[in-house]
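> structure of the sequence below:
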Amino acid sequence: IHQHIQVGEHFFQCYTVHQNVFQIRGSRTSIFLDVLLFANSFSHQTYDINNIHLYSTGGQRTVKIGLIADMHGDLDSFETALAILETHEVECILCAGDVTERGAEADEIVQLMKALDIGCVMGNHDATVLEHQARRREAASHEGLTKVGRIVNDDTLRYLRTLPNRAYYRFDKTRLLMAHGAPWSEVVGLYPDSPQAWFDELVERHGHEADVVVLGHTHAPLWVTIGNLTVVNPGSIYGVTIRDSHTCAVLTLPEKSLAVYSLRTGEPVSVPLTVR
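Sure thing, here's the model as predicted:
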């Protein structure tokens with residue numbers, strides 16, 4: 001045991017796995033946290049939210065986070081994004097949901113995501129796959145449904161069941177919240193010109209617990225600030241229709257800057273900062 005930490009009312013034990021990678025477990029709760037420490041120093045702190053991932057760098061230094069969303073079973077584009085993010089030397093990758101449907105290779109994507117320990121939240125398509133899987137497997141059009149990613153294997157189903165609607169991360173002093181759509185609804189998408197009331201609601205609901213909010217769902221990159229809160233969206237990995245951005249992104253902390261990259265060219269895509 002490395003040391004004990006507290007999350008809300010729950011106490012956890014921190015176990016060394018290898019080198020600077022640790023796992024945190026609670027003896028009286030099912031909550032499980034993966035914690036990656038970039039330095040051996042890990043300061044004791046108390047947090048009041050569950051499903052937290054803590055990243056400590058032993059000080060406030062620059063951290064690059066790879067962001068992806070809305071892969072929709074597109075394995076080739078996912079692998080292209082991984083290659084681009086590797087060139088930018090990101091320290092971890094987060095996915096804002098919708099791994100499944102449309103493309104047929106969600107099973108292969110999930111295996112890669114698990115192997116690379118990519119953090120992910122539930123998307124609306126992922127929820128639909130879970131809800132309708134039994135009926136779809138019994139349908140006469142089983143083969144056609146499989147081709148458009150609406151039927152997945154059992155391992156992928158088990159993975160989808162573990163995905164939270166929201167996930168919280170902490171990189172030194174920067175608090176990050178990730179959801180698929182707006183944190184209060186997986187089917188509400190935020191755009192730079194969305195109603196001000198939606199951004200105000202985001203600040204009211206989550207401004208006290210997050211400095212950065214990472215979203216997906218719209219298939220369009222986003223970089224917005226509302227007061228001290230920054231909201232970002234890397235756009236969609238999926239790139240088949242005209243509405244798909246076919247992009248990934250790098251979020252740099254603590255300055256909270258966003259760089260978006262085209263999966264077609266690997267070059268930066270202009271996404272101006274919008275102040276609301």
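
> show me where the protein has its helices.
Counting by DSSP state H, the chain has helices at residues 75-87, 106-115, 124-137, 142-147, 154-161, 196-206.

> now tabulate those in a markdown table and tack on distance to V232.
Yep, even glycine has a C-beta here, placed from its N, CA and C like the rest. A markdown table is the format used below for these (distance: least, CB to CB, whole Å):
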| stretch | distance to V232 |
| --- | --- |
| helix 75-87 | 15 |
| helix 106-115 | 20 |
| helix 124-137 | 19 |
| helix 142-147 | 33 |
| helix 154-161 | 24 |
| helix 196-206 | 12 |
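
> where among those helices is the average confidence lowest?
Among these, helix 142-147 has the lowest mean pLDDT, at a mean of 81.

> buried ones in that helix?
L145 (16 or more other CB atoms under 10 Å).

> same check, this time on stretch 210-230
For stretch 210-230, using 16+ other CB under 10 Å, the buried residues are 210-224, 226, 229-230.

> ends of that stretch, how far apart?
Taking CA to CA, to the nearest Å as the measure, stretch 210-230 stretches 9 Å from start to finish.

> go on, stretch 261-276?
Terminal-residue distance, stretch 261-276 (CA to CA): 24 Å.

> tell me which residues are up against it.
77, 80-81, 84, 87-88, 192, 196, 199, 221-226, 235, 237, 239, 245-250, 258-260 (CB atoms under 8 Å, 6 or more residues apart in numbering).

> quick check: mean pLDDT across it?
pLDDT averaged over stretch 261-276 gives 97.

> what about that stretch, distance to the chain center?
In terms of CA atoms, centre = their mean, to the nearest Å, the centre of stretch 261-276 is found 18 Å from the chain centre.

> buried residues in that stretch?
Applying 16+ other CB under 10 Å to stretch 261-276 flags Y261, S262, L263, V269, V271, R276 as buried.

> tell me the centre residue of the protein?
Nearest to the mean C-alpha position of the chain, by CA atoms, centre = their mean, lies C95 at 3.0 Å.

> for beta bridges, what are the partners of that residue?
Bridge pairing for C95 (DSSP bridges) gives the partners I68, C120.

> hang on, isn't it packed against M122?
No. The pair C95 / M122 is not scored as a contact, 10.7 Å apart, by CB atoms under 8 Å.

> among the contacts of stretch 261-276, which ones are in strands?
Applying DSSP state E to the contacts of stretch 261-276, the entries found in strands are 221-226, 247-250, 258-260.

> which non-adjacent residue is nearest G207?
L229 (5.2 Å; CB to CB, 6 or more residues apart in numbering).

> quick one: contacts for H72?
D98, V99, T100, E101, R102, G103, A106, H125, G149, S236, I237, Y238 are the contacts of H72 under CB under 8 Å, 6+ apart.

> show me the contacts for G181.
G181 touches N124, V187, V188, G189, L190, L215, G216, H217, counting by CB under 8 Å, 6+ apart.

> what's the pLDDT at it?
Note for G181: predicted pLDDT of 96.

> and if you look at D172?
89.

> any idea how many residues pack against it?
If you count neighbours by other CB atoms under 10 Å, D172 ends up with 18.

> repeat that for the one 10 residues further on.
Burial measure for A182: 22 neighbouring residues, criterion other CB under 10 Å.

> for V152, see how far away it is.
Using CB to CB, to the nearest Å, we find A182 at a distance of 26 Å from V152.

> Y169 bridge partners, please.
H53, L176.

> that one and G119 touch, don't they?
Yes. Proximity of Y169 to G119 meets the contact threshold set by CB under 8 Å, at 7.2 Å.
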